[in-house]
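Enquirer: for reference, the sequence and a predicted model appear below.
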Amino acid sequence: MLEQYDFHNLMVIDIETVPQYPNFDEVPEHFQKLWDLKTLHQRKEETAENFYERAGIWAEFGKIICISMGIFTPGKNTGLRVKSIASHDEKEILEKFGVVLASQPASLILCAHNGKEFDFPYICRRTLINGLKVPSQLEIAGKRPWEINHLDTMELWKFGDYKNYTSLALLAAIFNIPTPKDDIDGSMVGHAYWVDNQLERISTYCQKDVIATAQLLRRYRGEELIADDCITIVG
C-alpha cells in the first residue's frame, strides 16, 4: 500500500484551532445570531452560548493557532523533521506557512489525518478570510481528482467504507505507534489557549499528531517505525 508515493516529496501537516473569542459574550452580536443559526441542528437542547466552546471546529467562527509540518529525511535510516508555526496572530501563521509551501515543488503531496474533511479546507477558508492567496498545493478548484496531491490517513483506512470516523489515537493504538496524546486532547485546546495561555503546550501536542500520522504512513506501507533518535524537532 502507498508504494507508488515518494515520501520524500510529501509533507505531513496538522492544525490546531480555537474559537475566535474567549467566550460567547465577546462575540459580536450579529455573529452570535449567525452562530445560533449555524449550529441549530448540532447542539440539540444545548444553548448557543454553551455550545460556543466548540466553535473552533468551524472555520467561519474559529481560527488557526498552530500548523505543524513533518517531512521525511533521507539517509541510511529514514528520519522525520518536524516544525511548528504557532502564534496568536493567525495571519502571520498562514503567511509563514505559505512561504514554506512556496519553497516546495508544486507536486508536493500534503497528508493529514482527516485532512480532506478538516485541515485542508480549514486552512483554505482561513487563508481567504485573512486576505491571502491559497497556496498552489492546497488549491483544488478546477483540478481533476487525480491532479490533487492530497493524502488522508483516515480516508485510506476506510478502503471505500464511509460509515464512521476512525481517530488517529485508535489507529496509533492498533498499529502499536506510541500515542500522540499525553496531557491534552483536542477538546481541551480551547481552554488551554484562552484560559491557560499555553500556546507552546498546544504546539507540542500538534507536533505529536504529525509524528503519529507520519508513523501511520510507514505502517500502511508495512515499514518499521521511525526511531525516536531519527525524529528532529526544529525550534
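Expert: Nice, I can see it.
Enquirer: which strand runs longest in the protein?
Expert: The single longest strand within the chain, with elements called by DSSP state E, is strand 62-73.
Enquirer: list the helices and strands it packs on?
Expert: strand 10-19, strand 79-86, helix 90-102, helix 120-129, helix 199-220 (3 or more CB pairs under 8 Å, 6 or more residues apart in numbering; DSSP states H and E). C-betas here are computed from N, CA, C, even on glycine.
Enquirer: how about the CA coordinates for the first one, as CSV?
Expert: So the one you mean is strand 10-19. The C-alpha coordinates for strand 10-19 follow below in CSV (Å, rounded to 0.1, in the frame of the first residue of the first chain):
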residue,chain,number,x,y,z
LEU,A,10,5.4,14.5,1.0
MET,A,11,4.6,16.8,3.9
VAL,A,12,2.5,15.7,6.9
ILE,A,13,0.6,18.5,8.5
ASP,A,14,-1.8,19.1,11.4
ILE,A,15,-3.5,22.2,12.6
GLU,A,16,-4.9,23.3,16.0
THR,A,17,-7.9,25.6,16.1
VAL,A,18,-9.8,27.5,18.7
PRO,A,19,-12.9,29.8,18.9
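Enquirer: my guess is G222 contacts E3, does it?
Expert: No: counting by CB atoms under 8 Å, G222 does not reach E3; the two are 9.2 Å apart.
Enquirer: higher neighbour count, the two?
Expert: Legend: neighbour count by other CB atoms under 10 Å for G222 and E3, higher for G222 (9 against 6).
Enquirer: does the more buried one count as helix, strand or coil?
Expert: Using DSSP: H, G, I helix; E, B strand; the rest coil as the criterion, the local structure at G222 reads coil.
Enquirer: ok, now which ones touch it?
Expert: Contacts of G222 were listed using CB atoms under 8 Å, 6 or more residues apart in numbering, and they are M1.
Enquirer: so how many other residues sit close to D6?
Expert: Neighbour count of D6, defined by other CB under 10 Å: 9.
Enquirer: quick one, phi/psi of it?
Expert: phi -90, psi 110 (degrees, to the nearest 10).
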